[in-house]
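Colleague: based on what follows, work out the 3D shape:
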Amino acid sequence: MANIIELKDINKVHGKKVKTHVLNNINLSINEGSFNSIIGASGSGKTTLLNIIGTLDKPTNGQLYIEGERVDKMSRRALASIRNKKIGFIFQFHYLLPEINALENVLMPYNIKSFLGSRKVRERAEELLELVGLSAIKKNKVYDLSGGQQQRVAIARALMNNPKIILADEPTGNLDSHSAECVYNIFRDINKKFGTTFIIITHDKNIAEKADRVIQIKDGIIV
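Modeller: Next up is the predicted model:
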């Protein structure tokens, strides 16, 4: 199985006078189509690692490859294009737009890429809402949805541009155990149906242990 993500000697240092080493010589390969969880205490470097993988942050030094292409030296515009085409993000706080409905939120990633929507694009958004069990409330405003429903809208939105990689930072952190289990099952269905690669940061031991691979990070080092 080919590597879809590869990190070589990744370091992240904050500060100039007083330096804080957040990540220390990280070497990590992620197989295409795999389902991975990242665990570790608060402040261990989990989110920094995920942000570097997602090209939201750049390493101080080291190399990051996505589908065999080195990306850590790319321009902001090139990185934005990679994120829009290849990576879907799901966060603990959904960052949905409350003034528009569920369907319009799912369409947002496509609308960023192109102002010209089509019936086919709208149909894909509706299919994704059906996939996460929300087709009946696609026209409901976000503020009328429960926390679990909002997270499922965020999942559908992350899939809108058919990314090969989904990065999720504490996606079940604000959910009750039943909703968390539903979200995990949706992730697994997507992983199996589309071959999407998942990397999930989680404090939920139940979800972490169900991953194909558990990556533990401590003090900026993978252990």
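Colleague: avg pLDDT for the helix or strand harbouring N11?
Modeller: Under the criterion of DSSP states H and E, N11 resides in strand 3-14. Strand 3-14 comes out with an average pLDDT of 95.
Colleague: now do that strand: distance to the chain's middle.
Modeller: Shown here is strand 3-14, whose average C-alpha point lies 17 Å from the average C-alpha point of the whole chain (CA atoms, centre = their mean, to the nearest Å).
Colleague: what residues sit buried inside whichever helix in the chain runs longest?
Modeller: Looking only at the chain and at elements set by DSSP state H, the helix with the highest residue count is helix 177-194. Across helix 177-194, burial judged by 16 or more other CB atoms under 10 Å covers S179, A180, E181, C182, V183, Y184, I186, F187, I190, N191. In this view, the C-beta of every residue, glycine as well, is placed from N, C-alpha and C.
Colleague: out of the residues you listed, who's nearest T197?
Modeller: For the buried residues of helix 177-194, the residue nearest T197 by CB to CB is N191; the value is 7.9 Å.
Colleague: can you read off the pLDDT for the nearest residue to that closest one once chain neighbours are set aside?
Modeller: The spatial neighbour of N191 that comes closest, neighbours along the chain excluded (CB to CB, 6 or more residues apart in numbering), is F35 at 5.1 Å. Each residue has a pLDDT score; the one for F35 is 96.
Colleague: what residues does F35 make contact with?
Modeller: F35 makes contact with F187, R188, N191, T197, F198, A211, D212, R213, according to CB atoms under 8 Å, 6 or more residues apart in numbering.
Colleague: now do I4
Modeller: Contact partners of I4, counting by CB under 8 Å, 6+ apart, are I30, N31, E32, G33, I66, E67, K164, I165, T197.
Colleague: check which residues of the helix or strand containing the first one are buried.
Modeller: To tie it back to what came earlier, the one meant is I30. Assigned by DSSP H and E, I30 belongs to strand 20-31. For strand 20-31, the neighbour count (16+ other CB under 10 Å) marks H21, V22, L23, I26, L28, I30 as buried.
Colleague: ditto for stretch 97-104
Modeller: Counting neighbours by 16+ other CB under 10 Å, the buried set in stretch 97-104 is N101, A102, L103, E104.
Colleague: helices - which of those residues land there?
Modeller: Of the positions in these, A102, L103, E104 sit in helices, assigned by DSSP H.
Colleague: isn't the second one right up against A136?
Modeller: When you say that, I think you mean L103. No. The pair formed by L103 and A136 falls short of the contact definition of CB atoms under 8 Å, at 11.7 Å.
Colleague: gap between the residue nearest to N191 and G88?
Modeller: When CB to CB, to the nearest Å is the yardstick, F35 and G88 sit 14 Å from each other.
Colleague: check L7 too.
Modeller: With distances taken as CB to CB, L7 is found 19 Å from G88.
Colleague: of those two, give the one with the bigger neighbour count.
Modeller: For L7 versus G88, neighbours defined as other CB atoms under 10 Å are more numerous around G88 (26 against 22).
Colleague: that one - that's part of a strand, no?
Modeller: Yes. If the criterion is DSSP: H, G, I helix; E, B strand; the rest coil, then G88 is within a strand.
Colleague: that one and A158 touch, don't they?
Modeller: Yes. Under the contact definition of CB under 8 Å, G88 touches A158, with a separation of 3.2 Å.
Colleague: any residues in contact with both of those two?
Modeller: Listed contacts common to G88 and A158 are P109, I166; contacts here mean CB under 8 Å, 6+ apart.
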